[in-house]
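Asker: Quick one: sequence and predicted model below, then my questions.
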Amino acid sequence: MRAAVFYGVGDIRVRSDVKEPEILKDEVLINVKAAGICGTDLHIYRGEWEVPTPIILGHEFSGVVADVGGEIEGLCLGDHVVAEPNITCGRCWYCRMSERNYFCENLKATGVTVDGAFADYVKVPVRNVYKIPDELPFDEAALIEPLACCIRGIDRAGIKVGDRVAIVGAGPIGLILLQLAKLAGASIVIQTDLRDERLEMAESLGADYTININREDPVEAVKELTGGYGVDVAIEAVGKPEAITQAMRLLRRGGRLNIFGVSPQDAVWRVKPFELYEMEMTITTSYRSPFTFQRAVEMASSGKLRLRKLITHRFRLEEIVEAFRVAGGAVGEAVKVVIEI
Ligand SMILES: [Zn+2]
Ligand SMILES: [Zn+2]
């Protein structure tokens, strides 16, 4: 089969001689139709996140069931599906503590630690597979994985009806968080970014105010928009320590900060503990998508979100190196880049 194999930092090669995955009796073979490029893929590509190599990346995907293992009911060949990439063991201490999270000591992740979806076929355990409606376009369905992560983030931020919310970063994640924050009852959502194209998209998706931090001091602007107080909830959706600091500074006293973005593995965030004390700030983080995948499928199927609008670029598998370049910011207006397979 064809597959884009990641060999090491900055080295992805498309090959046509990769062996198709062999499925076990509790696994499903998926013929991949669309796979999104995620910030995590970019971290890995740049060497900011270590993975075993060689490996096929790609953990945000949709496709059709091409084969099922021996003991699988309820799935038919040709069914349209997406798959949760995180694979737990069900046997370790964390799994048995039924933590609603992916702290599994033997955690594997499709496209991160085991072969993923930048290929004709990918295999996943049946319990990770979710059926989607035939009408849902494959490219849009590839955004269900980041949507599931964002639902976790919204849960962790604890947005209440009437909260004023700021979202730092208007990339694909920031723009999904924006839509979810509105649906969760935020009275206003303020979005910040460096790029006007992204802020324009934020406005078209319902942001009440946008701030280009190159031109405007976001702290001052947010104060002005909130009667001098700051927002109740700030979500950092960039993945950089500076962005976390910025999100924190947008809060009112007693506010809630959710650090959603994934910073490079060795990045350090400098913070004055006294400031946290004085503000009695609640800080949460958000780790992957525990038990939010079904909700993401429901939301994507409901038509209440505009996910497809986030896809600004589509490439074929053979063009994956260029796709990574564009997703990595080489082209200013790129938001979500999807590989159509
Ligand atoms: Zn992702
Ligand atoms: Zn486990």
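Answerer: Cool, got the structure. Numbering: from 1, shown residues only. Ligands and ions are numbered 1, 2, ... in the order given.

Asker: can you list the residues of this structure near ligand 1?
Answerer: Listed as neighbours of ligand 1 in the chain under the rule C-beta under 5 Å from the ion: 38, 40. Where C-beta positions appear, they are placed from N, C-alpha and C, glycine not excepted.

Asker: any chance you could map the helices in the stretch 1-150 of the chain?
Answerer: Using DSSP state H, counting those that start in this stretch, the helices found in the stretch 1-150 of the chain span residues 39-46, 93-96, 138-141, 144-157.

Asker: For residue 186, which of those is the nearest?
Answerer: helix 144-157 (9.7 Å; C-beta to C-beta).

Asker: Give me the residues contacting the closest one.
Answerer: 36, 38, 59-62, 82, 84-85, 130, 132, 165, 172-173, 176-177, 180-181, 184, 233, 235, 256, 258, 260, 284-290, 292-293, 295-297, 299-300, 305, 307 (C-beta atoms under 8 Å, 6 or more residues apart in numbering).

Asker: Take the residues you listed and keep only those in strands.
Answerer: Judged by DSSP state E, strands contain the following of the contacts of helix 144-157: 36, 60-62, 82, 130, 165, 233, 235, 256, 258, 284-285.

Asker: Turn those residues into CSV, including neighbour count, pLDDT and distance to residue 247.
Answerer: Formatted as CSV, those follow (neighbours: other C-beta atoms under 10 Å; pLDDT from 0 to 100; distance: C-beta to C-beta, whole Å):
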residue, neighbour count, pLDDT, distance to residue 247
36, 26, 98, 24
60, 31, 98, 24
61, 31, 98, 30
62, 30, 98, 31
82, 30, 98, 30
130, 19, 98, 31
165, 28, 98, 11
233, 28, 98, 10
235, 34, 98, 7
256, 22, 98, 10
258, 27, 98, 8
284, 16, 98, 12
285, 13, 97, 12
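
Asker: Pop the domain breakdown of the chain in here.
Answerer: Domain assignment for the chain, taken from automatic domain parsing, gives 3-143+307-340, 150-285.

Asker: And the residue of the stretch 151-300 of the chain closest to ligand 1?
Answerer: For the stretch 151-300 of the chain and ligand 1, the shortest gap (C-beta to the ion) falls at residue 173, measuring 8.5 Å.

Asker: what do you get for the stretch 101-250 of the chain?
Answerer: residue 146 (5.2 Å).

Asker: Ok, the chain next?
Answerer: For the chain, C-beta to the ion, closest residue to ligand 1: residue 38, 3.0 Å.

Asker: So that residue is in contact with residue 59, correct?
Answerer: Yes. Counting by C-beta atoms under 8 Å, residue 59 is a contact partner of residue 38 at 6.7 Å.

Asker: Enumerate every residue touching the spatially closest residue to residue 204 that is not a sequence neighbour.
Answerer: Sequence neighbours aside, residue 309 is the residue nearest to residue 204 in space, at 7.5 Å (criterion: C-beta to C-beta, 6 or more residues apart in numbering). Shown in contact with residue 309 (C-beta under 8 Å, 6+ apart): 201, 204-205.

Asker: if we can go back for a sec, quick check, pLDDT for the residue of the stretch 151-300 of the chain closest to ligand 1.
Answerer: On pLDDT, residue 173 comes in at 96.

Asker: Hmm, residue 180 and residue 206 touching each other?
Answerer: No. Using C-beta under 8 Å, residue 206 is not in contact with residue 180, being 10.6 Å away.

Asker: Tell me which of those two has more neighbours.
Answerer: Applying other C-beta atoms under 10 Å to residue 206 and residue 180 shows that residue 180 carries more neighbours, namely 23 against 16.

Asker: May I have the residues that are in contact with that one?
Answerer: By C-beta under 8 Å, 6+ apart, the neighbours of residue 180 are 150-151, 154, 305.

Asker: in what helix or strand does residue 243 lie?
Answerer: Here residue 243 is covered by helix 241-249, with elements defined by DSSP states H and E.

Asker: Just the closest residue of the stretch 151-300 of the chain to ligand 2, please.
Answerer: Closest point on the stretch 151-300 of the chain to ligand 2, by C-beta to the ion, is residue 290, at 12.4 Å.

Asker: Does that residue touch residue 98 like I think?
Answerer: No. Counting by C-beta under 8 Å, residue 290 does not reach residue 98; the two are 10.6 Å apart.

Asker: More neighbours: which of those two?
Answerer: Between residue 290 and residue 98, counted using other C-beta under 10 Å, the more crowded position is residue 290 (19 against 7).
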